[in-house]
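In: Provided below for reference: sequence and predicted model.
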Amino acid sequence: MVSPLSRSKPTAPREDREPYEPAYALVARVLSQEIARGVYRPGDRLPSESQLRVRFGVSGMTVRRAMNILVDHGAVTASQGKGVFVRGLHMHEAAFYLRERQEDVLLDSSAEVRLQQASILPADQRVARKLGIEPGTRVIYLRRLVLKPDGPVMLHREYIVYDPRAGTVEAELQITSLEGLLRGRAGDGLRRGDLALEATVLNEEEAELLQAPVGSPALCLEHVFYDFQDRPVAWGWFLGGAERFRLVARIGGEIA
């Protein structure tokens, strides 16, 4: 096996330290860059702790902290008594992000959220099952359309467990931006959320709202949000034309 050190001789780039960058962060960043360049390849063992201490002029604790960062980022794996080894790319660990093809729709200030319907109604069997409540329990139903200057982008439907003390309807009426819609509940007593993405086609009503042909391919992002008692409090989904969106992910690469 070709020694990784024979591919490119790494040196301690002390002059490359960012302003106020801790020593452990420098070690992690430099090693990450070398892994990304192929100095160390999948299966290669990184230099020992003593070698890294000499190279960077740091303590053993600093080296171990840097190794922990690399492990946490999935760049390496540590084997007790054997060393630290570079990991290969693992497709099943990829984290995907939903992006608009032309630009990041979340950061687009031109996107407008238009509330089309807000009502209180009894939960049917499906809604009751999703929210863990009895059929007939009152829920808030919301239907929104996300628009950009060139037309509708997404349709959003949501059912929220009705609590007359929470002022939910009033708060939802204030949401007019996509950023507010996607981030507005961060401090609203929610513990966690489950998301599921699936391919679908637009039915007649959805196609009319999104100004697209019936049967057009679409992406449906379903969400369920839970409170701190782990009870579902909101269920809904975003629906957008597949031609506008794509899933993006990156595996491997250096630590920023």
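Out: Yep, that arrived.

In: Please make it C-alpha for all contacts and neighbour counts, starting now.
Out: Will do.

In: was I right about residue 35 contacting residue 43?
Out: No. Contact between residue 35 and residue 43 fails when scored by Cα atoms under 8 Å: they sit 11.1 Å apart.

In: quick one, strands of this protein?
Out: Applying DSSP state E to the chain gives strands spanning 76-79, 83-86, 97-100, 112-122, 138-148, 151-161, 190-201, 217-227, 232-241, 245-248.

In: what's the spacing between residue 229 and residue 191?
Out: Distance, residue 229 to residue 191, using Cα to Cα, to the nearest Å: 8 Å.

In: Would you mind telling me which of those two has the busier surroundings?
Out: For residue 229 versus residue 191, neighbours defined as other Cα atoms under 10 Å are more numerous around residue 191 (15 against 9).

In: Tell me if I'm right that that one and residue 227 touch.
Out: Yes. Counting by Cα under 8 Å, residue 191 does reach residue 227; the two are 5.0 Å apart.

In: Looking at residue 35 and residue 43, which has the bigger crowd around it?
Out: The neighbour comparison of residue 35 against residue 43 (other Cα under 10 Å) goes to residue 35, with 23 against 13.

In: Okay, the residue lying closest to the more buried one once chain neighbours are set aside and residue 74: tell me how far apart.
Out: Counting by Cα to Cα, 6 or more residues apart in numbering, residue 35 lies nearest to residue 41, which is 6.3 Å off, once chain neighbours are set aside. Going from residue 41 to residue 74 by Cα to Cα gives 14 Å.

In: So in this structure, which helix runs the longest?
Out: In the chain, taking DSSP state H as the definition, the longest helix is helix 23-37.
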